[in-house]
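Trainee: sharing a model that was predicted from the sequence below.
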Amino acid sequence: MGEGGGKGEGVRASLLNLRRAKIQGQRHSLCSLPPTLTLPRKGSGDGAVGFSDFAVALAPEMTRPRHLAYNDWQMATLPAEKIIASIKRGVSYREFEELRAKLGVSASHLAAVIGISERTLSRRKQEGRLQPDESDRLYRILRLYHRAVEVLGEDSGPLWLTTPKRFLGGKTPLEFADTEMGAYEIEQTLGRIEHGVFA
């Protein structure tokens, strides 16, 4: 009886050790990421640089910092009526330049996305303010910028917006968002990425 009990205990111990090893292996496989994928630490506020679409889909629960860098366009705090009033008044050229810098694109590139010629842009710079319709289109891109930062991080969001995508026919999400419908499609794509769906 004693010998049989000892063998039984030994088998149970072996099975327990095997189960622990299996769990540890699963944890290791879940935590092991490709060397090009760097996740930010919780609460660090650091964005992850160089995410591919696939890497983002693997890491849907990454830190999502909210980056508010615009004087009177802070989307998360301003009520809609104040944003509308700002658009109707015409936003300052400074807002255009700040968004351009955050996206890391040239002034002519961002101007083309919102339908402003280089000649008109030069005139707006001298005037110090955009027209209401131009401000509305700029706000559309600002909205996308904030959404991309929220989902992907402060560094990876702008990078994703300005990197050509095969599913967009080689266009960047920024270029694809030159119409309201195009911007809507990019917002939907960011929503799918946020929920871990490959896009």
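Mentor: The structure has been received and is ready for your questions. None of these values were measured; they are calculated from a predicted model.
Trainee: residue boundaries of the strands in the protein?
Mentor: Using DSSP state E, the chain contains no strands.
Trainee: listing request: residues of it with sub-threshold pLDDT.
Mentor: Scanning the chain for pLDDT under 70 picks out the ranges 1-78, 198-199.
Trainee: repeat the analysis, applying 90 as the threshold.
Mentor: Along the chain, the parts satisfying pLDDT under 90 run over 1-83, 196-199.
Trainee: quick check: residue 138 vs residue 113, distance?
Mentor: Residue 138 sits at a distance of 9 Å from residue 113 (criterion: C-beta to C-beta, to the nearest Å). No exception for glycine: its C-beta is placed from N, CA and C like everyone else's.
Trainee: brain fart, residue 182
Mentor: Distance check for residue 182 against residue 113: by C-beta to C-beta, it reads 10 Å.
Trainee: what ranges do the helices span in this protein?
Mentor: Ranges of helices in the chain, per DSSP state H, are 2-31, 53-58, 80-89, 93-103, 107-113, 118-127, 132-152, 156-161, 173-176, 180-194.
Trainee: out of the ones you listed, which is the most enclosed?
Mentor: helix 156-161 (a mean of 24; mean count of other C-beta atoms under 10 Å).
Trainee: what helices or strands is it leaning on?
Mentor: Contacts defined by 3 or more C-beta pairs under 8 Å, 6 or more residues apart in numbering; DSSP states H and E place helix 156-161 against helix 93-103, helix 132-152, helix 173-176.
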